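**Q** next comes the sequence, and after it the predicted model I'd like to discuss.
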Protein chains: 2
Amino acid sequence: MDVFSPAMAADRFLDEWHRIVSMHDMEALRDALAEDVTIGAPPYWTRLEGRPIVHHLLGLIIETIEGFSYYREWQDGSELALEFQGKVGALDVQGIDLITLNEQGQIQNLDVLMRPTNTIIRLQEIVAPRMAEFLEHR
Amino acid sequence: MDVFSPAMAADRFLDEWHRIVSMHDMEALRDALAEDVTIGAPPYWTRLEGRPIVHHLLGLIIETIEGFSYYREWQDGSELALEFQGKVGALDVQGIDLITLNEQGQIQNLDVLMRPTNTIIRLQEIVAPRMAEFLEHR
């Protein structure tokens, strides 16, 4: 039995990820991220890099989307696609996390794609000022 | 051997789908859609329904995104997640098609999620007026 197989690492990651998101466990979220993790956020093409920035941004997103629940999930080795739904205020959102894990089972890259457009814009209106404040004061 | 297994139907669908998108084969695209197919388009929450509308909308999207190429692909029975990239004019786009196949291996539902926001808005500016024209004249 190869305990380091990508599929087993992905299974372990998924159990922990679901726990992190449902419990809003921000400390465990930090450990789930590679130090040089990158994120492709919904509003921007250029990816943001580094554990502190990605950790803070993900925390804001998880905090802002109410009733965050995962639905369909796909796994192919260390590549995952996790569909979620939730609400931003009164607006519905459907999204997907496209995740690449590193060999330690941490997130190496996370692209977040969502619909519809008005919810993406509303989420950005809430998250962007808080993100700017974080970047100014760190 | 069960020739009607969801996995085999999905494999057959994927071969045909790649051919349709790369060749812009609009006739074959029609056959790949269930009669009561639904689509969750990037700008709207409410899904559109019916083969003629979905066929026309998909045709416009495929036509408008230049250099449309698929990258990571996930398959779980009759549920598929297909990542694509391309350009809308000068703007990059990353997207994903979340596809549910029916028992005949046709698309029953297709949700299209994309990033970044400015590309979604630009795509909508191009596609929406043509879609409105189609809906007026049919």
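**A** Cool, got the structure.

**Q** excluding covalently adjacent residues, which one is nearest to the residue of chain A found nearest chain B?
**A** When distances are taken as Cβ to the nearest Cβ, chain A reaches nearest to chain B at residue A:74, 3.3 Å away. All C-beta spots, glycine's among them, are computed from the backbone N, C-alpha and C. The shortest distance from residue A:74 to any non-neighbouring residue, by Cβ to Cβ, 6 or more residues apart in numbering or on different chains, is to residue B:74 (3.3 Å).

**Q** quick check: beta-bridge partners of the one you found?
**A** residue B:81 (DSSP bridges).

**Q** ok, now how distant is it from residue A:96?
**A** 10 Å (Cβ to Cβ, to the nearest Å).

**Q** still on that earlier bit, right, and the residue nearest to residue A:74 touches residue A:81 too?
**A** Yes: Residue B:74 lies in contact with residue A:81 (Cβ atoms under 8 Å); the separation is 5.0 Å.

**Q** quick one: contacts for the residue lying closest to residue A:122 once chain neighbours are set aside?
**A** Spatially, and ignoring its direct neighbours in sequence, residue A:122 is nearest to residue A:88 (5.0 Å; Cβ to Cβ, 6+ apart). By Cβ atoms under 8 Å, 6 or more residues apart in numbering or on different chains, the contact set of residue A:88 is A:64-66, A:119, A:122-123, A:126.

**Q** for the residues you listed, pick the one with the most neighbours.
**A** residue A:123 (25 neighbours; other Cβ atoms under 10 Å in any protein chain shown).

**Q** for the residue lying closest to that one once chain neighbours are set aside, list each beta-bridge partner.
**A** Leaving aside its chain neighbours, residue A:123 sits nearest to residue A:88 (5.0 Å; criterion: Cβ to Cβ, 6+ apart). Beta-bridge pairing for residue A:88 (DSSP bridges): residue A:91.

**Q** longest helix anywhere in chain A?
**A** The longest helix of chain A (DSSP state H) is helix A:117-137.

**Q** quick check: angle from that helix to helix B:117-137?
**A** Using axes from the mean of the first three to the mean of the last three Cα atoms, to 10 degrees, one finds that helix A:117-137 and helix B:117-137 are set 170 degrees apart in direction.

**Q** got the contact list for helix A:117-137?
**A** In contact with helix A:117-137 (Cβ under 8 Å, 6+ apart) are residues A:42-43, A:53, A:56-57, A:60-61, A:64-65, A:88-89, A:91-93, A:114, B:42-43, B:45, B:117, B:120-121, B:124.

**Q** tell me which element the residue nearest to the spatial centre of chain A is part of?
**A** Nearest to the mean C-alpha position of chain A, by Cα atoms, centre = their mean, lies residue A:58 at 5.4 Å. Applying DSSP states H and E as the criterion places residue A:58 in helix A:51-64.
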